[in-house]
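Trainee: how would this look folded up:
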Amino acid sequence: MRLPFILFAFLLLSAGVQAQNTNPNYDPALATELEADDYGMKGYVLVLLKTGSNLTEDQTLIDSCFAGHFANMERLVQEDILIVAGPLGKNEKSYRGIFILNVSSIEEAAKLVQTDPAVNARLLDAELYEWYGSAALPAYLEAADKIWKIEP
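Mentor: Here you go, the predicted structure:
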C-alpha cells in the first residue's frame, strides 16, 4: 500500500520539477536564430586587451593604430562578430579593455584579433578565453544603437 503512494508522490514531484524548468516564453525560432542551447546559452570568446610590449612615444603611430583599432571594431560589429566591447578602468594588471566575440573557437578569434592594427603594432596584447554566456547578447546591439546621445 505504501509503494503506490511513494510512486505517486515521486511522479507528482517529477512533474512539478519539469514544470518549473519549462519556460512559458520560450521562442524556438529565436533560440535557433541566436544559436542558443537548451539553457539559452552559447559559446563565445572573451578577449582581454592589455598594454602591449611596444611602449613607443611616436604619437603619429599611436594615433594611426588606434584609429585603425576603432575602425576594425566597427567592421566587426557590422559583421555581427564583435558583440561587447569596452574599456576597463586603470588597474595593476595593465588591462585596457574587453571584447566578446561571437565565434566559437580561440583559433578563429585569434585570426580576428590579428586584424587589429593596435594589436599588430604590439600597442595592445590580447588574451583569449572561451566564455559561455547568454545567446541573447547579440540582440542588445540594436537597442544599444538607439540610446547613445553623443557618439562613444
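
Trainee: What ranges does this structure have for its helices?
Mentor: Assigned by DSSP state H, the helices in the chain fall at 2-20, 28-33, 59-78, 106-113, 117-120, 140-144.

Trainee: which stretches of this protein have low pLDDT?
Mentor: Within the chain, the segments meeting pLDDT under 70 span 1-20, 152.

Trainee: The residue most central in space within it - nearest residue in space that isn't next to it in sequence?
Mentor: Taking Cα atoms, centre = their mean, the centroid of the chain lies closest to residue 100, which sits 3.1 Å from it. Closest residue to residue 100 apart from its sequence neighbours, by Cβ to Cβ, 6 or more residues apart in numbering: residue 84 at 3.8 Å. No exception for glycine: its C-beta is placed from N, CA and C like everyone else's.

Trainee: show me what contacts the one you found?
Mentor: Contacts for residue 84 were tallied using Cβ atoms under 8 Å, 6 or more residues apart in numbering; they are 98, 99, 100, 137.

Trainee: pretty sure the third one is touching residue 129, no?
Mentor: No - contact status for residue 100 versus residue 129: not in contact, 10.2 Å apart, counting by Cβ atoms under 8 Å.

Trainee: what is in contact with these two at once?
Mentor: Going by Cβ under 8 Å, 6+ apart, residues that sit against residue 100 and also against residue 129 are 45, 46, 47.

Trainee: burial measure for residue 47, as a count.
Mentor: Other residues near residue 47 come to 26 when the count uses other Cβ atoms under 10 Å.

Trainee: ditto for residue 74
Mentor: For residue 74, the count of nearby residues is 11 (other Cβ under 10 Å).

Trainee: Run through the residues that contact it.
Mentor: For residue 74, no residue meets the contact criterion (Cβ under 8 Å, 6+ apart).

Trainee: Would you quantify the distance from it to residue 145?
Mentor: Using Cβ to Cβ, to the nearest Å, residue 74 is found at 12 Å from residue 145.

Trainee: repeat for residue 30
Mentor: 19 Å.
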